[in-house]
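Chemist: Could you work out the structure for the sequence below:
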Amino acid sequence: MTREEALRSIAAGVVAGTLGLAACSSERKPQTEVPAAPAAGGRVTLRRNMRNGDEVSLLGFGCMRFPTVGGDRYTGTIDEEPTLEMLDYAYAHGVNYFDTAWMYHGGKSEEMVGKALKRYPRESFFLADKMPPTAKTLEEAKEIFSTQLERCGVEYFDYYLCHSISRQYVFQNLYIDEGVLDYLLELKAEGRIRNLGFSFHGDMALFEWLLSQPVEWDFVQIQMNWLDWRDRKLQAERLYTMLAERKIPVIVMEPIRGGALIDLPASVRSLLASADASLTPAAWALKFCASYPYVLTVLSGMTRMEHVVENCATMTGFEPLSEERLELLQRAADIYRNNTRIDCTDCFYCMPCPYGVDIAGIFRVYNRCSDEQLLPDPSGAHDEEYRRRRRRMLNRYRNTVAERSRAEHCIGCNECSPKCPQGLDIPRQIDRVEELIEALRMG
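Modeler: Modelled structure (predicted):
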């Protein structure tokens with residue numbers, strides 16, 4: 001039996017008993033690290049929010065990457081049955097933090113989360129939602145918040161965020177000039193928001209400015225993983241340190257960088273295996289984030305049941321990584337950065353392209369070849385190895401990117417780049433892939 005088959009087998013055996021377990025409300029005791037009551041296969045470790053006593057599961061369920069039918073998570077429909085099974089399994093195994101947003105799955109994520117969670121006691125889970133950066137006025141923000149409560153079937157949100165803050169003028173215009181921040185603070189005073197924070201995708205100057213605002217942020221959500229920890233642009237270590245110094249709880253997003261830390265280059269896989277061959281890339285990634293004490297929960301956008309089973313197991317009976325292993329991951333990051341991959345996390349914020357270009361799909365083909373160290377070099381020797389790599393990349397491109405959605409349809413309008421949380425110059429990267437594909441087609 002393969003590892004994947006084993007995970008599926010475990011999942012199938014437990015999901016059948018999930019709904020009965022879901023009826024049980026979890027107690028919350030005031031301690032920093034809380035061992036949860038056992039379920040079949042154990043329960044995810046809880047971590048106490050030092051500000052308010054909430055006992056939150058170290059693994060949070062990010063609700064942006066549910067399984068879909070009839071397309072991807074932008075064009076397709078959420079596949080309800082496996083999604084509910086995944087949410088039920090996670091809940092039964094101690095996951096009590098669920099993170100959704102107005103934009104996820106075109107608004108259908110909130111509805112699906114509401115459908116799942118309405119079967120559980122309201123005090124047994126924490127629900128996070130977000131004010132979208134696309135809101136323009138106070139009246140629109142009020143309508144959005146009301147609709148979110150209705151979609152999710154709740155009367156309040158435990159954690160609520162100003163979503164994807166990446167530019168000062170956007171925050172200034174919407175939250176300060178339009179009065180949306182004051183409105184959210186009013187909702188907090190009324191109890192319809194229990195904790196108010198923001199998710200961040202900007203530069204250090206913006207982060208410092210946000211923390212200097214005359215508002216007491218209850219938590220902040222940052223992109224944090226072992227690759228971005230000492231990255232010169234993203235500076236996750238510095239972001240975390242600034243929050244820890246202020247005793248602000250940290251919610252982690254992109255712990256596996258949209259899957260990039262799963263399909264690792266062979267040299268990185270070898271290094272990690274030399275330290276502990278029993279840990280999967282996902283386990284290394286989640287454990288890295290959870291090893292830092294001001295991290296309240298680590299969000300994982302899980303698409304398949306085996307993801308849920310593995311991640312729950314990783315965060316059950318959690319023990320932080322040693323300093324030696326944390327440093328080993330930084331050595332791995334140094335090796336990884338020498339790779340030529342494009343830093344796309346597959347978040348789909350850049351979509352839809354007005355010209356139909358499948359931005360994420362194009363980058364996915366390129367990055368997979370890069371991660372496997374199989375990128376063909378048209379400027380080198382056209383030997384048998386080159387021809388093998390050339391065939392592989394061209395076949396992947398033809399088979400996974402529809403003809404009408406390929407790189408040659410990009411006109412460089414740059415509508416996408418301002419939306420990219422990673423700050424990618426997307427048209428330039430699309431051109432880079434197109435140039436390679438064209439060179440490969442020429443032979």
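Chemist: Where does pLDDT dip in the stretch 101-250 of the chain?
Modeler: In the predicted model, the stretch 101-250 of the chain carries no residue with pLDDT under 70.
Chemist: residue ranges of the helices in it, please?
Modeler: All helices of the stretch 101-250 of the chain, identified by DSSP state H, counting those that start in this stretch, fall at 108-117, 138-152, 168-171, 180-190, 204-211, 236-245.
Chemist: need those helices in TSV with distance to G301 and mean neighbour count, can you?
Modeler: C-beta: built from backbone N, CA, C; applies to glycine. Output for the helices of the stretch 101-250 of the chain, formatted as TSV (distance: least, Cβ to Cβ, whole Å; neighbours: other Cβ atoms under 10 Å):
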stretch	distance to G301	mean neighbour count
helix 108-117	10	22
helix 138-152	18	17
helix 168-171	24	15
helix 180-190	25	16
helix 204-211	23	15
helix 236-245	18	16
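Chemist: Figure out which of the ones you listed is closest to D346.
Modeler: Counting by Cβ to Cβ, D346 lies closest to helix 108-117 out of these; the figure is 15.7 Å.
Chemist: Show residues contacting the closest one.
Modeler: Counting by Cβ atoms under 8 Å, 6 or more residues apart in numbering, the neighbours of helix 108-117 from elsewhere in the structure are 63-64, 66, 77-78, 80, 83-84, 87-88, 91, 98, 100-102, 104-105, 125, 127, 129, 148, 151-154.
Chemist: that older thread, turn the helices of the stretch 101-250 of the chain into a markdown table, including distance to C410.
Modeler: As requested, the helices of the stretch 101-250 of the chain are exported to a markdown table (distance: least, Cβ to Cβ, whole Å):
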| stretch | distance to C410 |
| --- | --- |
| helix 108-117 | 28 |
| helix 138-152 | 31 |
| helix 168-171 | 25 |
| helix 180-190 | 34 |
| helix 204-211 | 28 |
| helix 236-245 | 30 |
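Chemist: Which stretch among those approaches V401 most closely?
Modeler: Judged by Cβ to Cβ, the one of these that comes nearest to V401 is helix 108-117, at 24.7 Å.
Chemist: relative to helix 138-152, how tilted is that closest one?
Modeler: Between the axes of helix 108-117 and helix 138-152, defined by axes from the mean of the first three to the mean of the last three Cα atoms, to 10 degrees, the angle is 40 degrees.
Chemist: what number of residues lie near A381?
Modeler: Counted with other Cβ atoms under 10 Å, residues neighbouring A381 total 8.
Chemist: Can you identify each of the helices in the stretch 251-400 of the chain by residue range?
Modeler: Taking DSSP H, counting those that start in this stretch as the test, the helices found in the stretch 251-400 of the chain are 266-275, 281-290, 305-314, 323-337, 359-371, 384-400.
Chemist: quick one: which of those helices is nearest V252?
Modeler: Closest to V252 of these, according to Cβ to Cβ: helix 281-290, at 4.6 Å.
Chemist: How is the protein partitioned into domains?
Modeler: Per automatic domain parsing, the domain ranges recorded for the chain read 25-337, 359-441.
Chemist: Quick one: these as CSV, columns for distance to D346 too.
Modeler: Output for the domains of the chain, formatted as CSV (distance: least, Cβ to Cβ, whole Å):
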stretch, distance to D346
domain 25-337, 4
domain 359-441, 5
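Chemist: Of the helices of the stretch 101-250 of the chain, which is nearest M442?
Modeler: The nearest among the helices of the stretch 101-250 of the chain, by Cβ to Cβ, is helix 236-245 at 40.8 Å.
Chemist: what about S166, distance to L181?
Modeler: 16 Å (Cβ to Cβ, to the nearest Å).
Chemist: Please read the previous query as pertaining to N339.
Modeler: 40 Å.
Chemist: got it, and E403?
Modeler: Distance from E403 to L181, by Cβ to Cβ: 46 Å.
Chemist: How about C162?
Modeler: 7 Å.
Chemist: got any residues that touch both of those two?
Modeler: Y175.
Chemist: As JSON lines, the helices of the stretch 251-400 of the chain with mean neighbour count would be great.
Modeler: As requested, the helices of the stretch 251-400 of the chain are arranged in JSON lines below (neighbours: other Cβ atoms under 10 Å):
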{"stretch": "helix 266-275", "mean neighbour count": "15"}
{"stretch": "helix 281-290", "mean neighbour count": "23"}
{"stretch": "helix 305-314", "mean neighbour count": "23"}
{"stretch": "helix 323-337", "mean neighbour count": "15"}
{"stretch": "helix 359-371", "mean neighbour count": "21"}
{"stretch": "helix 384-400", "mean neighbour count": "14"}
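Chemist: Can you add distance to V56 and give those helices back as JSON lines?
Modeler: Output for the helices of the stretch 251-400 of the chain, formatted as JSON lines (distance: least, Cβ to Cβ, whole Å):
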{"stretch": "helix 266-275", "distance to V56": "28"}
{"stretch": "helix 281-290", "distance to V56": "12"}
{"stretch": "helix 305-314", "distance to V56": "15"}
{"stretch": "helix 323-337", "distance to V56": "22"}
{"stretch": "helix 359-371", "distance to V56": "30"}
{"stretch": "helix 384-400", "distance to V56": "38"}
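Chemist: In which helix or strand does the nearest residue to I78 once chain neighbours are set aside reside?
Modeler: Leaving aside its sequence neighbours, I78 sits nearest to F66 (Cβ to Cβ, 6 or more residues apart in numbering; 4.9 Å). Using DSSP states H and E, F66 maps to neither a helix nor a strand.
Chemist: and the angle from the host helix or strand of V433 to helix 384-400?
Modeler: Element membership for V433 (DSSP H and E) is helix 426-441. Following the same axes, to 10 degrees, one obtains 120 degrees for the angle between helix 426-441 and helix 384-400.
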